[in-house]
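Undergrad: Any chance you could fold what I've pasted below:
(chains A, B, C and D)
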Protein chains: 4
Amino acid sequence: MLRRYWGEIKDPVHGYVYVTEAEKKIIDCFPVQRLRRLRQLAGAEFVYPGANHTRFEHSIGVMHLAGVLTQNSNLAQFLTKDEAQKIRIAALLHDVGHGPFSHVFEHLLVKFLNKIHEDMTVWIIQESELKDVISNIGYDPNVVGKLAVGDLHEPGKAFMDQTVHSAVDVDKLDFIVRDTHHTGAEYGYIDIFRLIHMMDVLGENLAVDLGALSALESFILARIESFKSIYFHRVARAAQIMLATAMEKAKNELGLVDFKTPEEYLALDDYTVWTMLKKCDKSKEIIDNLERRRILKCAYDKTFYVRDKAISSIFSVEEVRTQIRNQIASEAGVKTESVFIDVPTLPSVPYRHSILLEPMEIPVFRRTRNGERIPQRLSDISGIFDVLKGFINILRVYTEQKHRKKVGLAAEKLLGSTPSSIKISY
Amino acid sequence: MLRRYWGEIKDPVHGYVYVTEAEKKIIDCFPVQRLRRLRQLAGAEFVYPGANHTRFEHSIGVMHLAGVLTQNSNLAQFLTKDEAQKIRIAALLHDVGHGPFSHVFEHLLVKFLNKIHEDMTVWIIQESELKDVISNIGYDPNVVGKLAVGDLHEPGKAFMDQTVHSAVDVDKLDFIVRDTHHTGAEYGYIDIFRLIHMMDVLGENLAVDLGALSALESFILARIESFKSIYFHRVARAAQIMLATAMEKAKNELGLVDFKTPEEYLALDDYTVWTMLKKCDKSKEIIDNLERRRILKCAYDKTFYVRDKAISSIFSVEEVRTQIRNQIASEAGVKTESVFIDVPTLPSVPYRHSILLEPMEIPVFRRTRNGERIPQRLSDISGIFDVLKGFINILRVYTEQKHRKKVGLAAEKLLGSTPSSIKISY
Amino acid sequence: MLRRYWGEIKDPVHGYVYVTEAEKKIIDCFPVQRLRRLRQLAGAEFVYPGANHTRFEHSIGVMHLAGVLTQNSNLAQFLTKDEAQKIRIAALLHDVGHGPFSHVFEHLLVKFLNKIHEDMTVWIIQESELKDVISNIGYDPNVVGKLAVGDLHEPGKAFMDQTVHSAVDVDKLDFIVRDTHHTGAEYGYIDIFRLIHMMDVLGENLAVDLGALSALESFILARIESFKSIYFHRVARAAQIMLATAMEKAKNELGLVDFKTPEEYLALDDYTVWTMLKKCDKSKEIIDNLERRRILKCAYDKTFYVRDKAISSIFSVEEVRTQIRNQIASEAGVKTESVFIDVPTLPSVPYRHSILLEPMEIPVFRRTRNGERIPQRLSDISGIFDVLKGFINILRVYTEQKHRKKVGLAAEKLLGSTPSSIKISY
Amino acid sequence: MLRRYWGEIKDPVHGYVYVTEAEKKIIDCFPVQRLRRLRQLAGAEFVYPGANHTRFEHSIGVMHLAGVLTQNSNLAQFLTKDEAQKIRIAALLHDVGHGPFSHVFEHLLVKFLNKIHEDMTVWIIQESELKDVISNIGYDPNVVGKLAVGDLHEPGKAFMDQTVHSAVDVDKLDFIVRDTHHTGAEYGYIDIFRLIHMMDVLGENLAVDLGALSALESFILARIESFKSIYFHRVARAAQIMLATAMEKAKNELGLVDFKTPEEYLALDDYTVWTMLKKCDKSKEIIDNLERRRILKCAYDKTFYVRDKAISSIFSVEEVRTQIRNQIASEAGVKTESVFIDVPTLPSVPYRHSILLEPMEIPVFRRTRNGERIPQRLSDISGIFDVLKGFINILRVYTEQKHRKKVGLAAEKLLGSTPSSIKISY
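TA: Residues are numbered from 1 along each chain as shown, chains lettered A, B, ... in the order given. I've put the predicted structure just below:
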């Protein structure tokens, strides 16, 4: 009965999203409604003024695409109606664990609590008011929680986890087009329905029919370009670093990581935390700078296109980074606090998009004339894919406007010279 | 020198917006940057999850369109480069006077200070840090302030005021397409560049060449449909009423209308006010309801398509409304505070869009074969326009979910029966 | 078995259109493939260079929308799977009876054979190779033929006919957005999925839930604006008149209306007829003019917005029109053949869109809180609709460039003076 | 005077294209108007029903983008107004030399006349009625002709040629988005205005600022994906091969390559040639098959992603291809005429897009903080670009449906086994 149609929601990206009564009950819970006050792309609005969309809108979209994927005739045959409904609900809830300004707060979660947002997602589904609502509509909150983070491991049905969590999942398919729609960045208009339509179950795993190879390659490039132009944009990262620094400084005064219950955690959102940081002596100057768009300047920027992982792995050791920071500051004659080392593949402000780090796992297959499906290595098939594996290693040094030149020279002395540009949209 | 190109901003609606150095200086001021934390369509996000765009994005867009309009060859001949730059700056600043949640706060401005947001716009341009920045780039803050609200009255150049403030101005042209883009509501894809291209100066006034009649009629209908589907949407209005009520209740505790300086006023934004209202005893319950999407229900809804202004004028007298409210509450057996009378054309939460109330003033002309321009009455030309004059009179009664039936019956008894529907997107 | 999924077709408007094996067999027949060589909007390409789309593309789109409508839960309950498949096939075939340049050839059909294209549609479905293919996949060609033109009259299921033939049918819903997409005219971006989703069966008739009133009003206005800006565009009509005149002149030499079998009729398409007309002495000059864009000029143009049908009915009598034509020619001192009277609501080049002539029949209803559906008169509900009934009466006089002035003055003398403009896109 | 604004044309891709009086005169010439009857993507309509756009629409678009590029402040400083107008006219005329079905007819031009369409473009501009029109508006037809094919070599201004003819020229920028718009293939929504805005003159050559690197990479990938999904689509190529074969067979009867004057050549267009081929005994069967969508089937399909040019160079020798064709036919036991070898990089039906064959020449530069522009090798900068150089080598064998299996096996025996698929859109 609860899988009965309730009504529709108008989405600027996908059009009408049809919603069941069960879904409506969950959407109206506080943990989901709270996502209205979590930006999808914190920091990017300083580059793209239109980038104000939220995790709420995205979550509705991911639920919708999960529905489209599970109705694909290849998958539908392996799923009961209840399983399909469960997957849509898990998709709807996959981001409920995010903190204020999403990945910025995750920096604190990782550093001080050794958690990532997926841990919080499971916790909230299993312990907040969501628990009762999910039970009341006839599902097991433990199951939904695990499924929401791709950790259910239903025997013989690994593809259920992969729907929301894999290299080509409905989460990524939604945000690539949604981020494009609201930023105007134009790198993400890809044929997501082709990809969804050509997905199949191989063994128990989700795999992409090579008939959608062009769409798949476009998707991969769109992701890379989005990283360069949106997620890792020099100015967007600067804003994230400032916000992360503000949070870390004010952490104790504001008790940002002292929450004991889901409710205490959920009380934190963009509105409240921004307001708190603005009042707190430790962080107010940073917020004041952000509110006046006095953003850290990039004094040094180097992108490695080589595959040599040695270079980036050096920077994954925090001690090494700290030492470099000190050296640059000393060389430049500025305080250490004025120098920020940013290595976006690292979890300082972590984007844990596995495709970037481990993109080799996109399972693909070709279909022969007689209908057989032959698994393939995507690297063997696609020269584009091959070159994009492990693609981006960015190393940047930020500082205040006034120190830009000094710090730039010091960094070049230590790290080697590098091209740079001051254009706003690059 | 300051009119020199500085760089570009990527806008999801108009593409690249090219910005001068003068404009960049103004954009980076606090009063403009603050617009990032003022939603364009407060309340509408409860209907359209994608409606999270801000006054900042809109202001950049209005500046852009002002530039396109002033470069139109008809207008360009009457404007110096400095005047054209001034109009762009005025367009950029036309909304700096808005308060938190835009028109919702304007309810307080009107009721307690007898001001509208345009008054605040002038005040801020002339008294805040904007004053010095504008002076430094060589313009007169008094002139820019008046121009921003369409009140400059430059002799012989009335069209300068009308660029940003008239029935078909760049403000409306921007938001009609922008609101459509982010809501997905699809009523606003109109040919704004046709309209802009076909504008001309007649005498000293902006007028539309009837060669753009189709685009003009589409624009008028798009505005009407947007009012019905977005701005006056039943659920969006309910959320606005709740927020306005919360502000009014907490007004004294929070000192919401006690500001003395532009800086004190500008300290209020969506983030801070929402956080304050959530903490204040007087308003916390309402905010709590909004955060759980427990929104007032419409118990009675009547739209008048008649032109008889008598009906709506009755409701413009607050005493009459109060009396009706008391009667309905008494008849239904609920507290007066549980009943809300909403007459959206009135300034309870005011949308002061003159086209709706006084749409007869769109100046149009036809061009004869020999180039003469003959002014026309749009009503004589366009049957569509004629019917749309003074179009919407909406009368609604809201209450809590639990009282919906009682209040509905009481309202029907008093005000006559009426159709209704419970669909989310209508 | 034949309702089994075969594959998909990529449509620029609707995305992927999924096709059954039965449909694939019909699509590959000659009468359907021939639609690739029939322009959707003959003449409009002289105004909108992008308007090169064909009846083939449109027919695929109409089939797709018929599928979406029949899957709408309101309708689905009244339809067997076979009926739903039949409706899609009928939708696919609704235009197979069109002749070269669509409505232009229909002028000859009407004048010399007293037929309209729907008559040809039935004939072709019942007598060409389509007959056998339809029989072989298990349907009755007589039934499909009647359904394709809205003439089946299945007892108790009038809505089946209305799906493809009524005021708000899938034919119009497809072309309004498709014509917009390819022309760029921007008047037709309306929310067709809202309309389709809100359709229901009332009694046995298709009706629109008033919850979609905004979408319905936008649709009505989009149709009107499309008529003015595309279908009845001054230049597009001029090209159609020239082509119709060329066909009429060359009719006997080329045997254009002498076909005896469906195959002979189907041998006529845009490519062959254009090539034939170019070679025929009677018509070559006109085609030569069209190929050099020497198009008839509008010397007189009057649009009546009054409802007085007397005026337009005068022009529906051919003798009256001929007399006026003679008088204008005589007054202007030019040959009668140099004067063309165009009254687009008349079947000289007929657009038989019933909404324009008889728009009062759009059945709508409101849904009460307890689910009852109350039929309404749309005119009572919608002031916009009310004014648009019987809207356009256009009267134009065309002539060659060199006679424009003389003929214009003569027409004004006879028909009264009138505004005019020479802009290309109006 | 002739550079004076005349009016505007509505383009579905770029919106309003503003046209000067000089341009209007040229647009209305027969050689340009004829482009309305030349499809942009002959053959692709069998895969994408919406792909009916023409060279006319494209030419208007290229002229428009040439105008945008020459107005870019980097280029504008090096160009007089007359030069800028000349470039727009050259852009408008760059495709006037195309024959029926564009690249299909070019096959005959190459094989029998040793010409390519650019040769015809120069000939037509310098010898047809265009010659006089261009002279009359004050330009030299010899100059315009050379500029239209990128062969002017104006001393110190190589970038003038490169505007319309280089790896990232306005021709390609237009068709990548236009083909996407009308096919719906979705691989070409790229940020062309970013690219155009970031172009500059380096020395005398057009070069791309690396600030647009993301847009550039997206452009390169979009081109590759468009080749795979549209231009070299298996079914589109099959249709082109059929049409090319029909033309070659009927060549002598129809005198297809016997034209002596520009007028004789220009008399050939899609409409006339299709009609002629349908009547000619030598070709009628093929056209009949095309009209019934009985298209050659791909029996063997191999795409080489290796850089080894040896493999593809083998196939560039016609004798080698003929021998392989014979061997396959013999092995399969079918007639030689039933076997078609297709190597799309070769000029059998030639697409001469230099970027594919020689993509190394995209000049790029980085801009330092002090404004210096440092030339760079794109391959050093962009791993994506590096892998895409010399990317596609496709080898296909086509035959009739009935021989598909036999020919497939024979081809595999000779050429090695290969994956394949029968999906319509790949």
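Undergrad: pull the helix or strand with minimum mean pLDDT from chain A.
TA: When the helices and strands of chain A are scored by mean pLDDT, DSSP states H and E, helix A:354-357 comes last with a mean of 32.
Undergrad: Would you mind listing what in the stretch 151-300 of chain A touches chain B?
TA: Counting by Cβ under 8 Å from any Cβ of the partner chain, the residues of the stretch 151-300 of chain A close to chain B are A:181-185, A:270-272, A:274-276, A:278, A:291-293. In short, each C-beta sits where N, CA and C put it, glycine included.
Undergrad: Mind doing that once more with 7 Å?
TA: With the criterion set to Cβ under 7 Å from any Cβ of the partner chain, the stretch 151-300 of chain A comes near chain B through A:181, A:182, A:183, A:184, A:185, A:271, A:272, A:274, A:275, A:291, A:292, A:293.
Undergrad: In contact with whichever residue of the stretch 51-200 of chain A sits closest to chain D, which residues?
TA: Here the stretch 51-200 of chain A gets closest to chain D at one residue, residue A:189, 3.8 Å apart by Cβ to the nearest Cβ. Residues near residue A:189 by Cβ atoms under 7 Å, 6 or more residues apart in numbering or on different chains: A:177, A:180, D:186, D:189.
Undergrad: for chain A, what's the longest helix?
TA: With secondary structure taken from DSSP state H, chain A has its longest helix at helix A:234-254.
Undergrad: Buried residues of whichever helix or strand comes after that one, list them for me.
TA: Scanning the chain past helix A:234-254 towards its C-terminal end, the next helix or strand to appear is helix A:262-266 (assignment: DSSP states H and E). Using 16 or more other Cβ atoms under 10 Å in any protein chain shown as the burial criterion, the residues of helix A:262-266 that qualify are A:262, A:265, A:266.
Undergrad: Nearest to residue A:109 among the residues you listed?
TA: When these are compared for distance to residue A:109 (Cβ to Cβ), residue A:265 wins out at 9.8 Å.
Undergrad: Read off the pLDDT value for the closest residue to the closest one other than its chain neighbours.
TA: The spatial neighbour of residue A:265 that comes closest, neighbours along the chain excluded (Cβ to Cβ, 6 or more residues apart in numbering or on different chains), is residue A:259 at 4.3 Å. Among the per-residue scores, residue A:259 holds a pLDDT of 98.
Undergrad: and if you look at the one 5 residues further on?
TA: In this prediction, residue A:264 carries a pLDDT score of 98.
Undergrad: before we move on, what about the one 5 residues further on?
TA: Among the per-residue scores, residue A:269 holds a pLDDT of 98.
Undergrad: cool, and residue A:416?
TA: Per-residue confidence (pLDDT) for residue A:416: 79.
Undergrad: do the same with residue A:362
TA: Per-residue pLDDT puts residue A:362 at 78.
Undergrad: ok, it - how many residues close by?
TA: The burial metric for residue A:362, expressed as a neighbour count using other Cβ atoms under 10 Å in any protein chain shown, is 21.
Undergrad: do residue A:323 as well
TA: The local packing of residue A:323 (other Cβ under 10 Å) involves 12 other residues.
Undergrad: Can you give me the neighbour number for the residue in the stretch 101-250 of chain A that chain C sits nearest to?
TA: Closest approach of the stretch 101-250 of chain A to chain C (Cβ to the nearest Cβ) occurs at residue A:193, with a separation of 5.9 Å. As a burial measure, the neighbour count of residue A:193 was computed by other Cβ under 10 Å and equals 20.
Undergrad: could you pull out the helices for the stretch 101-250 of chain A?
TA: In order along the chain, the stretch 101-250 of chain A carries the following helices (DSSP state H, counting those that start in this stretch): A:103-108, A:117-127, A:129-136, A:141-148, A:158-164, A:170-183, A:192-197, A:213-226, A:234-254.
Undergrad: distance of the residue of the stretch 301-426 of chain A found nearest chain C from residue A:72?
TA: When scored by Cβ to the nearest Cβ, the stretch 301-426 of chain A has residue A:367 as its residue closest to chain C, at 12.6 Å. Computed with Cβ to Cβ, to the nearest Å, the distance linking residue A:367 and residue A:72 is 15 Å.
Undergrad: Can you give me the pLDDT of the residue of chain A most remote from its centre?
TA: The outermost residue of chain A relative to its centre, with distances by Cα atoms, centre = their mean, is residue A:370 at 39.9 Å. Per-residue confidence at residue A:370 stands at 81 (pLDDT).
Undergrad: which helices and strands sit right next to the host helix or strand of residue A:272?
TA: Here residue A:272 sits within helix A:270-279, counting by DSSP H and E. Using 3 or more Cβ pairs under 7 Å, 6 or more residues apart in numbering or on different chains; DSSP states H and E as the contact definition, the elements that helix A:270-279 packs against are helix A:234-254, helix A:284-291, helix B:270-279.
Undergrad: Give me the packing partners of the first one, helices and strands only.
TA: Contacts of helix A:234-254 with other secondary structure elements, assessed using 3+ Cβ pairs under 7 Å, 6+ apart, are made with helix A:103-108, helix A:270-279, helix A:284-291, strand A:297-304, strand A:340-342, strand A:393-399.
Undergrad: mind giving me JSON lines with those and columns for mean neighbour count?
TA: What follows is those, written out as JSON lines (neighbours: other Cβ atoms under 10 Å in any protein chain shown):
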{"stretch": "helix A:103-108", "mean neighbour count": "23"}
{"stretch": "helix A:270-279", "mean neighbour count": "21"}
{"stretch": "helix A:284-291", "mean neighbour count": "17"}
{"stretch": "strand A:297-304", "mean neighbour count": "20"}
{"stretch": "strand A:340-342", "mean neighbour count": "24"}
{"stretch": "strand A:393-399", "mean neighbour count": "24"}
